[in-house]
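Novice: the sequence and its predicted three-dimensional model are supplied below.
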Amino acid sequence: MPEGGDRKRIDAYPRLFADMARELFAQGSTEELLQRIAQMAVEAIDGCEEAGIILVDRRKREFQAPAATCEMVRESDRAQMECNEGPCLDAARHEQSFRVDDMADESRWPCYRPRAVDLGIGAMLGFDLYTYEDHLGALDLYARTPGVFDDDAREVGWVFASHAALAIAGSQREATLREGYTTRQEIGEAVGIIMERRRLTDEQAFEVLKTYSMNANTKLREVARRITRTGEIPDV
């Protein structure tokens, strides 16, 4: 049976995660959401002093580190990317969680490990961020003292990461839809300007836009944005 203090803490978890879910889905931009996730991880998970997020851009085959609670985490992310190895990259690449009880005793990551020790990293705990539709990256927790992450922290972190992944996926979908709507609107406005200035049909005006985009090797939305902002129509 759990001790009194442990029982009280366990009973508080449902409220914690319910409040967390509401707060995360209320964030504005994806950037704000990611930073708040890192901050809340420090607040919610025992032993966690700092936190960061690494995301996977599969189209560009690269990693991004958009959120960190301190410079130590940013330096850790930079070291892993420069070494092309490390616990956070492993979690993001291989869709797995990890636990490092004492970084000084680690035999993995021969390039990253000494740099992590120099940064003052004692222990780490990380979770892959995924939904049923996609693998997003990893949530990484840091402590300066070795051995502070117990099984309870791992269990709470896993549930926390699950909520965080859903919030991130929802925010990214919303951003994609918003960008698509804005792009269509800008293209429509640019086509309208070309139609009026050159007395063309909408199909002819769109062809002008598309031809310039190809000739200039510039994305269609960028050409449209330039026309709507300046009113200048390029020659094709």
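Specialist: That came through fine. Being a predicted model, the structure only gives us computed values, none of them experimental.
Novice: buried residues in stretch 214-226?
Specialist: Residues of stretch 214-226 classed as buried by neighbour count (16 or more other Cβ atoms under 10 Å): Leu220, Arg221, Val223, Ala224, Arg225, Arg226. In short, each C-beta sits where N, CA and C put it, glycine included.
Novice: so how many other residues sit close to the residue nearest to the fifth one when sequence neighbours are not counted?
Specialist: Right, the one you point to is Arg225. In space, and not counting its chain neighbours, Arg225 is closest to Glu186: 5.3 Å by Cβ to Cβ, 6 or more residues apart in numbering. Using other Cβ atoms under 10 Å, the number of residues around Glu186 comes to 20.
Novice: now stretch 95-110 - C-alpha only, CSV.
Specialist: Taking only C-alpha atoms (Å, rounded to 0.1, in the frame of the first residue of the first chain), the coordinates of stretch 95-110 have been written out as CSV:
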residue,chain,number,x,y,z
GLU,A,95,10.6,6.5,-31.0
GLN,A,96,11.6,5.3,-27.5
SER,A,97,12.0,6.7,-24.0
PHE,A,98,15.3,6.8,-22.1
ARG,A,99,16.6,7.1,-18.6
VAL,A,100,20.1,8.1,-17.6
ASP,A,101,20.7,7.7,-13.8
ASP,A,102,24.3,9.1,-13.8
MET,A,103,25.7,10.8,-16.8
ALA,A,104,29.2,10.5,-15.5
ASP,A,105,28.9,6.6,-15.5
GLU,A,106,27.4,6.4,-19.0
SER,A,107,29.2,4.3,-21.6
ARG,A,108,26.9,5.4,-24.5
TRP,A,109,27.4,8.5,-26.6
PRO,A,110,31.2,8.9,-26.4
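Novice: quick one, helices of the chain?
Specialist: When secondary structure is read from DSSP state H, the chain shows helices at 4-25, 30-44, 71-83, 87-94, 112-119, 151-198, 202-215, 220-230.
Novice: what residues are up against the closest residue to Ser97 other than its chain neighbours?
Specialist: The shortest distance from Ser97 to any residue other than its chain neighbours is 4.7 Å, reached at Phe127 (Cβ to Cβ, 6+ apart). The contact partners of Phe127, taken as Cβ atoms under 8 Å, 6 or more residues apart in numbering, are Ala91, Ser97, Ala138, Leu139, Gly157, Trp158, Phe160, Ala161.
Novice: just Arg93 next, same as before
Specialist: By Cβ under 8 Å, 6+ apart, the neighbours of Arg93 are Val56.
Novice: low pLDDT regions in this structure?
Specialist: Low-confidence regions of the chain, defined by pLDDT under 70, span residues 1-28, 58-60, 131-134, 171-182, 234-236.
Novice: and it, what are its domain boundaries?
Specialist: Residue ranges for each domain of the chain read 4-174, 178-230, as given by automatic domain parsing.
Novice: highest mean neighbour count out of these?
Specialist: Across the domains of the chain, the average number of neighbours (mean count of other Cβ atoms under 10 Å) peaks for domain 4-174, which reaches a mean of 18.
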